[in-house]
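# Predicted structure and sequence below. I'll ask about it afterward.
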Amino acid sequence: MAETAQLKIGDKTFELPVIEGTEGEKAIDISKLRDQTGYVTLDIGYKNTGATKSAITFLDGEQGILKYRGYPIEQLAEKSSFIEVAYLLIYGELPTADQLKAFQYELSRHTLVHEDMKKFFDGFPSKSHPMGQLSSLVSALSAFYPESLKPSQTTEELNQSIIKMLAKMATVVSWIYKKSLGHPVIYPKNKYDYVTNFLYMTFGQRTEDVTIDPVVIDAMNKLLILHADHEQNCSASTVRIVGSSDSNIYASVSAGISALWGPLHGGANQAVIEMLEKIKEDGGDTDKWIAKAKDKNDPFRLMGFGHRVYKNFDPRAKIIKKACDDILEKLGINDEVLEIAKKLEEVALKDPYFVERKLYPNVDFYSGIIYRALGFPTDMFTVLFALGRLPGWIAQWKEMKENKEPIGRPRQIYVGATSKEYVDIANR
Ligand code: ACO
């Protein structure tokens, strides 16, 4: 017999279905709760709320497991390329060699963005944050590709929107970087694969055919793979909820970028480096900063520590810590900030405050150090996270559409004033 949960309200008992996911996760299905009981649930921050059934990413926060479409993150990070992982997330299976070739070919045919897009850059103040630019520019893409506005696209039209979104993102991100330097933009070259093309447009010279260091290409692939999806996090949930009103792919992804920007989410990678720099300038006394993080009267938090879901370790952080050591060694970089990061981690992992609260380094504790070693300025870090997360957002958006999910619209418990009589302004 199917398992049920009983809910007792007053003298009435209600049976609620229990559903089980393929990895054994269980949920009480309350989708008919209000109709049956007149009650809603309250779960601020959605700490206990499953917003959807999804077949894209599985994570087990207690055991530190992360899988994309069933494949462990460790295997993908070691053996796969970013674009192969993007295909896996979006279409559900690892591509065959021919499928990957066709996917790469399709992407390379759409990497150019409309020339008029360049005019937007002239409107941004030179020091404006790249995430604000990225969110605006991605939303603006809808103006140039209006076929994406059709709420019910055919499979082929939907696929074209997905390809364009992916292909143009790398160009837009690299152009934001070039423009921040006051340099002319570099146009994509079809002969390069996605990641190499991105690095070429970012670090290349206009007139030369540069060779990008394979160590850098590898590192970039790994970082993007590790960030490619993370189930129903703040930005993915935003993308799904915006898309649920039949908003186009560019508007939905642009909203996800805005959600990612905050330092409690993707903005943490920038915040970590800024924190480590500050500790370095302050003399490198890690104990002092650990004490600050524990002090409830001090707003300082140890950035890059803690996670809403991982309460044991973040499997991405394990991979990235090792990659960080390897890459710095291969590139011959000696970064003092890495030493501070390691010391902080060592102290925090033994400190009862962090142990009791299950606070461990997350993916962004070390990612900024690698981005820095690759030559990116600090305020570009979260933009790189967005580039990596894009396939995940697309997969989540596509799944939401294919499942024909209803518009996202939570309830609330109203706690404001009840009926008041309007008072004329002269008498207030
Ligand atoms: N430093 C110090 N104390 C912390 C930290 C931290 N980084 N993170 C959590 N805590 C403490 C809280 O003060 C709280 O203590 P209390 O129980 O005594 O009040 C307890 O740990 C639980 O914290 P919450 O904020 O309730 O945990 P939540 O799951 O809501 O937040 C979050 C998770 C936002 C990631 C949090 O740990 C944090 O702010 N971390 C720093 C920012 C960061 O690195 N974000 C990136 C997350 S990964 C990503 O998005 C890619």
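Cool, got the structure.
# other SSEs contacting the helix ranked longest in the chain?
Of all the segments of type helix in the chain, defined by DSSP state H, the longest one is helix 155-181. Under the contact definition 3 or more CB pairs under 8 Å, 6 or more residues apart in numbering; DSSP states H and E, helix 155-181 sits against helix 97-108, helix 118-123, helix 130-144, helix 194-203, helix 249-261, helix 381-402. Every residue, glycine included, has its C-beta placed from N, CA and C.
# Make CSV out of those helices and add distance to the ligand, mean neighbour count and mean pLDDT.
As requested, the helices and strands packed on helix 155-181 are arranged in CSV below (distance: least, CB to the nearest ligand atom, whole Å; neighbours: other CB atoms under 10 Å; pLDDT from 0 to 100):
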stretch, distance to the ligand, mean neighbour count, mean pLDDT
helix 97-108, 25, 15, 97
helix 118-123, 28, 12, 88
helix 130-144, 14, 20, 96
helix 194-203, 20, 22, 95
helix 249-261, 8, 25, 97
helix 381-402, 7, 25, 97
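# For the ligand, give me its nearest residue in the stretch 1-150 of the chain.
Using CB to the nearest ligand atom, the single residue of the stretch 1-150 of the chain nearest to the ligand is residue 45, 6.3 Å away.
# Am I right that that residue falls within a strand?
No: the assignment for residue 45, made by DSSP: H, G, I helix; E, B strand; the rest coil, is helix rather than a strand.
# Let me see the contact set for it.
Listed by CB atoms under 8 Å, 6 or more residues apart in numbering, residue 45 has no contact partners.
# repeat for residue 354
For residue 354, the set of contacting residues under the criterion of CB under 8 Å, 6+ apart consists of 302, 305, 348, 360.
# and the ligand, which of those contact it?
Judged by CB under 6 Å from any ligand atom, the overlap between the contacts of residue 354 and the neighbourhood of the ligand comprises 302, 305.
# Now do the residue of the stretch 151-300 of the chain found nearest the ligand: how many residues are near it, please.
Taking CB to the nearest ligand atom, the ligand has its nearest neighbour within the stretch 151-300 of the chain at residue 268, 3.5 Å off. By other CB atoms under 10 Å, 28 other residues sit near residue 268.
# The ligand versus the nearest residue to it once chain neighbours are set aside, what's the distance?
Nearest residue to residue 268, sequence neighbours excluded (CB to CB, 6 or more residues apart in numbering): residue 364, at 4.3 Å. Spatial separation of residue 364 from the ligand under the definition CB to the nearest ligand atom, to the nearest Å is 5 Å.
# Surely residue 364 and residue 306 touch.
No: with contact defined as CB atoms under 8 Å, residue 364 does not reach residue 306; the gap is 10.8 Å.
# higher neighbour count, the two?
The neighbour comparison of residue 364 against residue 306 (other CB under 10 Å) goes to residue 364, with 29 against 20.
# what's the pLDDT at that one?
The pLDDT attached to residue 364 in the predicted structure is 88.
# Same question for residue 207.
Predicted confidence (pLDDT) at residue 207: the value is 60.
# Residue numbers of the stretch 201-350 of the chain in contact with the ligand?
Near the ligand, when you scan the stretch 201-350 of the chain using CB under 6 Å from any ligand atom, you find 264-266, 268, 293, 301-308.
# ok now stretch 123-133, how far from the chain's centre?
Between the centre of stretch 123-133 and the centre of its host chain there is 20 Å, according to CA atoms, centre = their mean, to the nearest Å.
# Could you tell me the end-to-end distance of it?
Stretch 123-133 stretches 10 Å from its first residue to its last (CA to CA, to the nearest Å).
# Residue 36 contacts residue 14, correct?
Yes: the pair formed by residue 36 and residue 14 meets the contact definition of CB under 8 Å, at 5.7 Å.
# related to what we said a few turns ago, tell me the spacing between the residue of the stretch 1-150 of the chain closest to the ligand and residue 127.
Computed with CB to CB, to the nearest Å, the distance linking residue 45 and residue 127 is 33 Å.
# follow-up on the earlier one: which one of the residues of the stretch 201-350 of the chain next to the ligand sits closest to residue 187?
residue 266 (27.8 Å; CB to CB).
# quick one, phi/psi of that closest one?
The phi/psi pair for residue 266 (degrees, to the nearest 10) reads phi -70, psi -30.
# and it, how many residues sit next to it?
Neighbours of residue 266 (other CB under 10 Å): 30.
# For the stretch 201-350 of the chain, which residue gets nearest to the ligand?
The shortest separation between the stretch 201-350 of the chain and the ligand is 2.3 Å, found at residue 306 (distances taken as CB to the nearest ligand atom).
# Model confidence at that residue, what's the number?
Residue 306 carries a pLDDT value of 91.
# quick one, what contacts it?
For residue 306, counting by CB under 8 Å, 6+ apart, the contacting residues are 357, 359, 360, 362.
# run the last query once more with 7 Å
By CB atoms under 7 Å, 6 or more residues apart in numbering, the contact set of residue 306 is 359, 362.
# ok, it to residue 264 distance?
Noted for residue 306: a distance of 9 Å to residue 264, by CB to CB.
# One more: residue 140?
If you measure residue 140 against residue 264 using CB to CB, the figure is 27 Å.
# Between the contacts of residue 354, which sits nearest residue 287?
When the contacts of residue 354 are compared for distance to residue 287 (CB to CB), residue 348 comes out closest, at 10.5 Å.
# what about that closest one, how many residues close to it?
Counted with other CB under 10 Å, the neighbours of residue 348 add up to 22.
# That one belongs to a helix, doesn't it?
Yes: note on residue 348: a helix contains this position according to three-state DSSP.
# okay but it is in contact with residue 301, surely?
No: when contacts are counted by CB atoms under 7 Å, residue 348 is not listed as touching residue 301 (11.5 Å).
# Residue 170: which of the residues of the stretch 201-350 of the chain next to the ligand is nearest?
Using CB to CB, residue 266 comes nearest to residue 170 of those, at 17.3 Å.
# Assess the claim that that closest one and residue 385 are in contact.
Yes: when contacts are counted by CB under 7 Å, residue 266 is listed as touching residue 385 (4.3 Å).
# shared neighbours of the two, anything?
Where contact means CB under 7 Å, 6+ apart, the residues bridging residue 266 and residue 385 through contact with each are residue 260.
# hang on, the earlier thing: possible to save the helices and strands packed on helix 155-181 as TSV with distance to residue 283?
Putting the helices and strands packed on helix 155-181 into TSV (distance: least, CB to CB, whole Å) gives the following:
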stretch	distance to residue 283
helix 97-108	48
helix 118-123	40
helix 130-144	31
helix 194-203	34
helix 249-261	31
helix 381-402	25
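# shaky segments in the stretch 201-350 of the chain?
Low-confidence segments of the stretch 201-350 of the chain, defined by pLDDT under 70, are located at 206-209.
# At which residues are the helices of it located?
214-226, 234-243, 249-261, 268-281, 286-294, 315-331, 336-350 (DSSP state H, counting those that start in this stretch).
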